[in-house]
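**Q** pasting the structure only:
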């Protein structure tokens, strides 16, 4: 019971961390800004360099980091429950790879933003369905078989991405490569991304009890009268939608969906009515911190934020693999 009550101070701490990181993100950069500059830019309509930098560049980037990190974290938490495997996340399962392939095809074809988003979501769902089709074996699929199949599909998606880059226009090549490594500099659709994240968090609270039952096994869930197949399909579709939206907005950013749910469960327990909304905030905070580091470490040059998240995620992935084997 005490862990369920801990959600309120935990959410408060995460909101405070997000506010602090937002302030640092707005103030930091090649054009340093003070509190007076930020206040004037946000609350005054007078044209100025500070207003252009904040409204056009830094605020959309910071809010997109919050939204994309939250979407990936919620998607990872859902996959870990459905597969009953702590190593599952959109990047490892090949879902991000499928979204990246579809989004690159849309970019090469010159489709508008809506087309890129739609194809990215379809690519994520297609990769998810492909993993399940390939993992089917005697007695159905197992979480371990699904995980290994996802890794293979992710590798295959990476090969297709390499072919698309080789076939792409030279003028687009550098931007496409940087985008694939995680790029928040062209984030323009953050309001609807935040709306999608809020809807996902609310849906997670509403479906959290059913996910708690499903996490104990499909047999037990069916015993209490749940429509297991329908819930699984719904959650996989939701996970694919969230991943596709995140990838289309910021490229392929790995391991946020793996790291964040584990940190939340360590702090607050495994009740999905708590884990999903807390992951939505914690994932956003994590990616905001990574993006701030990517912009600040070798300023004025910028690092791809996906490379920094991978530097943290890969060692943790190996540790989790070792613990599971033990």
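**A** In hand now; what should we look at? No experiment lies behind these values; they were computed from the predicted model shown.
**Q** my guess is residue 89 contacts residue 260, does it?
**A** No. In this structure, residue 89 is not within contact of residue 260 by CB atoms under 8 Å, at 9.0 Å. Heads up, the C-betas are built off the backbone N, CA and C, glycines and all.
**Q** tell me, what's touching the two both at once?
**A** In the contact map built from CB atoms under 8 Å, 6 or more residues apart in numbering, the residues linked to both residue 89 and residue 260 are 72, 76.
**Q** secondary structure element for residue 106?
**A** Take DSSP states H and E as the rule and residue 106 turns out to sit in helix 95-108.
**Q** pull out the buried positions in that helix.
**A** Residues of helix 95-108 classed as buried: 95-107 (neighbour count, 16 or more other CB atoms under 10 Å).
**Q** following that helix, which helix or strand shows up next?
**A** Going down the chain from helix 95-108, the next helix or strand is helix 113-135, by DSSP H and E.
**Q** can you give me the angle that following helix makes with helix 95-108?
**A** Inter-element angle recorded for helix 113-135 and helix 95-108: 140 degrees (by axes from the mean of the first three to the mean of the last three CA atoms, to 10 degrees).
**Q** residues contacting helix 113-135, please?
**A** By CB under 8 Å, 6+ apart, helix 113-135 touches 90, 93-103, 105-107, 109, 111, 141-142, 145-146, 148-150, 152-153, 157, 188-189, 236-237, 239-241, 243-245, 247-249.
**Q** in ChimeraX, how would I select just the buried ones from those residues?
**A** With 16+ other CB under 10 Å as the criterion, this ChimeraX line picks the buried residues out of the contacts of helix 113-135:
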select :90,93,94,95,96,97,98,99,100,101,102,103,105,106,107,141,145,146,149,150,153,157,189,236,239,240,241,243,244,245,247,248,249
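**Q** which stretches of the stretch 1-150 of the chain form helices?
**A** Taking DSSP state H, counting those that start in this stretch, the helices of the stretch 1-150 of the chain run over residues 2-5, 7-27, 35-43, 49-53, 59-83, 95-108, 113-135, 143-167.
**Q** elements contacting the second one?
**A** Here helix 7-27 touches helix 35-43, helix 59-83, helix 256-268, helix 272-296, going by 3 or more CB pairs under 8 Å, 6 or more residues apart in numbering; DSSP states H and E.
**Q** ok so, going back, want to throw the buried residues of helix 95-108 into TSV with pLDDT and distance to residue 125?
**A** Below are the buried residues of helix 95-108 laid out as TSV (pLDDT from 0 to 100; distance: CB to CB, whole Å):
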residue	pLDDT	distance to residue 125
95	84	8
96	85	12
97	87	13
98	88	8
99	84	9
100	86	14
101	89	12
102	87	10
103	82	13
104	86	17
105	87	15
106	84	15
107	81	19
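**Q** kindly reformat those as CSV containing distance to residue 214.
**A** Listed next are the buried residues of helix 95-108 as CSV, based on distance: CB to CB, whole Å:
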residue, distance to residue 214
95, 19
96, 23
97, 25
98, 24
99, 24
100, 28
101, 29
102, 28
103, 30
104, 34
105, 34
106, 33
107, 36
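**Q** quick check: of the residues you listed, which lies closest to residue 221?
**A** The nearest member of those to residue 221, counting by CB to CB, is residue 95 at 22.8 Å.
**Q** what's near enough to touch the residue positioned nearest the centre of the chain?
**A** Residue closest to the average C-alpha location in the chain (CA atoms, centre = their mean): residue 72, at 1.8 Å. Residue 72 is in contact with 89, 90, 242, 243, 246, 253, 256, 257, 260, 283, 287, counting by CB under 8 Å, 6+ apart.
**Q** between those residues, which is nearest residue 183?
**A** residue 253 (9.1 Å).
**Q** isn't the closest one up against residue 309?
**A** Yes. Using CB under 8 Å, residue 253 is in contact with residue 309, at 5.7 Å.
**Q** what about the two, which has more around it?
**A** Under the criterion of other CB atoms under 10 Å, the comparison of residue 253 against residue 309 puts residue 253 first, with 33 against 27.
**Q** shared neighbours of residue 253 and residue 309, anything?
**A** 182, 287.
**Q** who touches residue 89 in this structure?
**A** Counting by CB under 8 Å, 6+ apart, residue 89 makes contact with 72, 75, 76, 79, 80, 255, 256, 257, 258.
**Q** phi first, then psi, for it.
**A** phi -160, psi 160 (degrees, to the nearest 10).
**Q** quick thing: my sequence starts at 54, can you match it?
**A** Understood, numbering begins at 54; the last thing we discussed is residue 142.
**Q** relative to residue 165, how far out is it?
**A** To residue 165, residue 142 is 29 Å away according to CB to CB, to the nearest Å.
**Q** residue 274: which of the helices and strands packed on helix 60-80 is closest?
**A** Comparing the helices and strands packed on helix 60-80 under CB to CB, the one sitting nearest is helix 112-136, at 11.1 Å.
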